[in-house]
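[1] coordinates for the following, if possible.
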Amino acid sequence: MQVLETKNAPGAIGPYSQGYEANGLVITSGQIPVNPMDGSVPEGIAAQAEQSCRNVGAILEAAGVGFDRVIKTTCFLADMGDFAAFNEVYAKYFTSKPARSCVAVKALPKGVLCEIEAIAVK
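    Below you'll find the model as predicted:
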């Protein structure tokens, strides 16, 4: 097993890692839309979905894989009313259409609107 760590995605804000590589799989922690360079969070679901996708992509890149190797995602939305706008952005990144769960949750860390985690094949 290998811990994944990159400065191109936000550092963990708790007792966990950005991701792991094990047995040919790359598993990312949930990525909220925090800009890793300055800690800022963009406004609105579209901008937040973009940043969350970029953060997932940075962890995948650290493992040597891309979005095309993702086989499963789990997406968390603070408001299911954002589903269509979130999907527009998500579809630009996850073009291979991995298996997915998408659920609304009561709240997300830092009051953000979305979070994405992914599993990819090395």
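[2] mean confidence (pLDDT) on stretch 67-82, please.
    For stretch 67-82, the mean pLDDT works out to 98.
[3] and that stretch, how far from the chain's centre?
    In terms of CA atoms, centre = their mean, to the nearest Å, the centre of stretch 67-82 is found 7 Å from the chain centre.
[4] start and end of that stretch, how far apart?
    Terminal residues of stretch 67-82 are spaced 22 Å apart (CA to CA, to the nearest Å).
[5] got the contact list for that stretch?
    26, 30, 45, 56-57, 60, 83, 86, 90, 93-96, 98-105, 107-108, 112-122 (CB atoms under 8 Å, 6 or more residues apart in numbering). The way it works is simple: take the backbone N, C-alpha and C, and place the C-beta from them, glycine included.
[6] cool, and stretch 55-65?
    With CB under 8 Å, 6+ apart as the test, stretch 55-65 has contacts from 4-6, 8-10, 18-19, 21, 26, 28-29, 31-34, 36, 66-67, 69-70, 93, 116-118, 120-122.
[7] may I see the buried residues of the helix or strand where Val26 lies?
    Here Val26 sits within strand 25-28, counting by DSSP states H and E. Within strand 25-28, the residues that count as buried by 16 or more other CB atoms under 10 Å are 25-28.
[8] that one pairs with which strands?
    Strands that pair with strand 25-28, judged by DSSP bridges, come out as strand 19-22 (antiparallel), strand 114-121 (antiparallel).
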